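1. From the sequence below, what's the structure:
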Amino acid sequence: MTVYLVGAGPGDPGLLTVRGAQLLRSADVVVHDRLASRAVLDLASPDARRISVGKAPGRAEMSQDDINALLVEEGRDGRCVVRLKGGDPFVFGRGGEEAEALAAAGIPFEVVPGITSAIAAPAYAGIPVTHRGRSTHFTVVTGHEDPAKGRTDVDWESLARAGGTLVILMGVGNLAGIVERLIAGGLPAETPVAAVRYGTRPDQQTLRATLSTVTKLDVKAPSALVVGAVAGLDLGWFEHRPLFGRRVVVTRAREQASGLRSRLELLGADVLELPTIAIEPVDITLPALHEYEWLVLTSANGVAALFERALEPAGLDARAFAGVKVAAIGPGTAAALAHRGIRADLVPERFVAESLVDAFPPSDQSRTRAESAGESARRAPKVLVARAEQARDVLPDGLRARGYDVDVLTLYRTVPVPTEAAQLETVRRGDVDAITFTSSSTVSNFHDLVGKLPEPPPLVVSIGPVTSSTARARGLRVDVEASEHTVDGVVEAVVAGLEARLRR
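-> Okay, here's the model as predicted:
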């Protein structure tokens, strides 16, 4: 097998290359740095072994020699090994040393470049490293050299005279000395400087100063330092998004969370996944669909379960719905059906069971298959409600009250899942801005896990009235309920609710 030296980029998981993501998904072992993004690590298989070899200023979990030996050992064992490195492996990432060790041991390796923070961090802070009229070139240099050398190879005075943009990585610890030598080399004291900490991450911070004032600021590692005329530009966009700097908890099942998470992250949120439920399959015995006038589906999960666990194993597809009218409880369910080639005949204006019952035509207006075939006997039109095991009985009971003959088909169940202690502690100590609930089961299981929310409590956002009712019954104050009971509605409610809190 091969050892892959993969550049993870500067932090934003969206900046990981396609090749890097492919290798992570197939990795048996992932050897990662301290700053590896959790979202990037989550791309690896749950069965992959994760080994942290992170380094921090003044300490290291593992020396570089030991990391080299580890990669050789894992490579010799025939596993698919991904060495996940922040930024680019060959830009101050010591990837060259690791490649040398693998080559010397005869271990096949491949280098997958990544986006370096030297370019990405300034870009996310609104600073182009080159700009016509301000900088025709840029220089990337380390501010932290190997102390074992006993000398410095960086000629800061010459760099000051070189002009253009200077990007300094790992230079915070030596900032005062670097500034002194740059000024001594001829850079004016009023030269703009920007320090971008945690560039491209949800907690990015940008400090702006000049060479004469930057040492008076509280510049902390890890920061990329940008020196030059372009550092005076502020074309900010990343830190101006509506949810930037806000941590939002998503309690949906992990199988469902990606859509909500990605929408929140696009708006700048730091998303903490705290899945309180998991989708568990059940044995499905599919009845003869042609006997039913209507098929009712109440979630996208139900659509997936119906096709993947009932229809497709039996060699059936959308043609099995021929002659059957299909109702969906909301646009998310309707979209899942459309993806499978089925257009919903009925979607209520409000996406709850009560509204769906009201939207159904009276049973005496529904012609049964028996009548359409010329039979004189009148039977109540049949409805198959396909849903989760724990669903409320409002829908089947309501349809029966309207004169329908209703059968219920259980497609899946939701079950509580264990949660990481660190994530629970983050919520319990109040280090979150908002919590989202998209079903009653997420509310109940969250309450059982966390208990009473800290004071002042985070913003509580509910997807709809049923979820809100469960939350209030559990002692939670619902601050905002989505006007449209969809994932997009939840996102809009989070933005509106947090903006309203800022105005208070």
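2. which helix is the longest one in the chain?
-> helix 487-503 (DSSP state H).
3. Excluding chain neighbours, give the residue nearest to Arg263 in space.
-> In this structure, Arg263 finds its nearest non-sequential neighbour in Val491, 4.7 Å apart by CB to CB, 6 or more residues apart in numbering. Every residue, glycine included, has its C-beta placed from N, CA and C.
4. check contacts around that neighbour.
-> Applying CB atoms under 8 Å, 6 or more residues apart in numbering to Val491 gives the contacts Leu260, Arg263, Leu264, Leu267.
5. Show me these that map onto helices.
-> Residues of these located in helices (DSSP H): Leu260, Arg263, Leu264.
6. how close does the first one sit to Phe437?
-> Summarising the geometry, the distance separating Leu260 from Phe437, computed by CB to CB, to the nearest Å, is 11 Å.
7. the more surrounded of the two?
-> Higher neighbour count among Leu260 and Phe437: Phe437, with 29 against 23, using other CB atoms under 10 Å.
8. Report the beta-bridge partners for the more buried one.
-> With DSSP bridges as the criterion, Phe437 is bridged to Ser462.
9. So it versus Val443, what's the distance?
-> Where Val443 is concerned, Phe437 sits at a distance of 5 Å (CB to CB).
10. Equivalent analysis for Gly259, please.
-> Taking CB to CB as the measure, Gly259 falls 19 Å from Val443.
11. Of the ones in helices among the contacts of Val491, which is the nearest to Trp156?
-> Leu264 (42.6 Å; CB to CB).
12. Count the neighbours of that closest one for me.
-> Leu264 is flanked by 23 other residues according to other CB under 10 Å.
13. so it sits right up against Arg241, yeah?
-> No: contact criterion CB atoms under 8 Å: Leu264 and Arg241 do not qualify, at 10.5 Å.
14. strands paired with the longest strand seen in the chain, and their directions?
-> As assigned by DSSP state E, the longest strand anywhere in the chain is strand 405-416. Sheet pairing for strand 405-416, assigned by DSSP bridges, gives strand 277-281 (antiparallel), strand 382-388 (parallel).
15. lowest-confidence helix or strand of this structure?
-> In the chain, no helix or strand scores lower on mean pLDDT, DSSP states H and E than helix 369-372, which sits at a mean of 51.
16. residues in contact with Phe307?
-> Residues in contact with Phe307, defined by CB under 8 Å, 6+ apart, are Arg340.
17. is it true that it lies in a helix?
-> Yes: the assignment for Phe307 is a helix, going by DSSP: H, G, I helix; E, B strand; the rest coil.
18. Look up the pLDDT of it for me, please.
-> What the model reports as pLDDT for Phe307 is 95.
19. go on, Ala56?
-> 60.
20. swap in the one 10 residues further on?
-> Predicted confidence (pLDDT) at Asp66: the value is 95.
21. Could you find the closest non-adjacent residue to it?
-> Distance criterion CB to CB, 6+ apart; nearest residue to Asp66, sequence neighbours excluded, is Val53 at 7.8 Å.
22. Could you list which residues are in contact with the one you found?
-> Here Val53 is in contact with Val31, His32, Asp33, Glu61, Met62, Asp66, Ile67, Leu70 (criterion: CB under 8 Å, 6+ apart).
23. Compute the distance between the residue nearest to Arg263 and Val29, please.
-> 36 Å.
24. Quote the end-to-end distance of stretch 234-246.
-> Using CA to CA, to the nearest Å, the end-to-end distance of stretch 234-246 comes to 22 Å.
25. meant to ask about stretch 154-168
-> Separation of the first and last residues of stretch 154-168 by CA to CA is 11 Å.
26. I figured Glu239 hits Arg201, correct?
-> No: using CB under 8 Å, Glu239 makes no contact with Arg201, being 11.0 Å away.
27. Which one's more surrounded, those two?
-> Taking neighbours as other CB under 10 Å, Glu239 and Arg201 compare with Arg201 leading, 18 against 14.
28. need the contact list for the more buried one.
-> Per CB under 8 Å, 6+ apart, neighbours of Arg201: Pro10, Gly11, Asp12, Ser37.
29. hang on, the first one packs against Ala121?
-> In this case it means Pro10. Yes: judged on CB under 8 Å, Pro10 makes contact with Ala121 at a distance of 6.0 Å.
30. Find residues that contact each of those two.
-> In contact with both Pro10 and Ala121: Gly199, Thr200, using CB under 8 Å, 6+ apart.
31. which residues do Phe437 and Val443 both contact?
-> Applying CB under 8 Å, 6+ apart, one finds that Phe437 and Val443 are jointly contacted by Thr251, Ser462, Thr467, Ala471.
32. hey, where'd the helices end up in the stretch 101-250 of the chain?
-> Taking DSSP state H, counting those that start in this stretch, the helices of the stretch 101-250 of the chain run over residues 117-124, 156-162, 175-184.
33. now the residue lying closest to Ala101 once chain neighbours are set aside: how far from Leu35?
-> Closest residue to Ala101 apart from its sequence neighbours, by CB to CB, 6+ apart: Asn68 at 3.7 Å. Distance, Asn68 to Leu35, by CB to CB: 20 Å.
34. sorry, back to before: nearest to Leu225, of the contacts of Val53?
-> Set against Leu225, the nearest of the contacts of Val53 by CB to CB is Asp33 (20.3 Å).
35. neighbours of the closest one, just the number please.
-> 19.
36. That one against Lys85, yeah?
-> Yes: taking CB under 8 Å as the definition, Asp33 is a contact partner of Lys85 at 5.9 Å.
37. Need the residues touching each of the two.
-> Ala8.
38. any idea whether the nearest residue to Phe321 once chain neighbours are set aside is helix, strand or coil?
-> Nearest residue to Phe321 in three dimensions, chain neighbours excluded: Ile342, at 5.8 Å (CB to CB, 6+ apart). What three-state DSSP gives for Ile342 is coil.
39. Next one: Ile342 from Ser299, what distance?
-> For Ile342, the distance to Ser299 - CB to CB - is 15 Å.
40. What of Val495?
-> With the distance defined as CB to CB, Val495 ends up 24 Å from Ser299.
41. what does the model give the residue nearest to Arg263 for pLDDT?
-> So Val491 comes in at 97 (pLDDT).
42. and if you look at Glu375?
-> pLDDT recorded at Glu375 is 49.
43. residues in contact with Ser462?
-> Taking CB under 8 Å, 6+ apart, one finds Phe437, Val443, Ser468, Ala471, Val478, Val480, Glu481, Ala482 in contact with Ser462.
44. Repeat that for Thr200.
-> By CB under 8 Å, 6+ apart, the contact set of Thr200 is Gly9, Pro10, Gly11, Asp12, Leu15, Ser117, Ala120, Ala121, Tyr124, Phe238.
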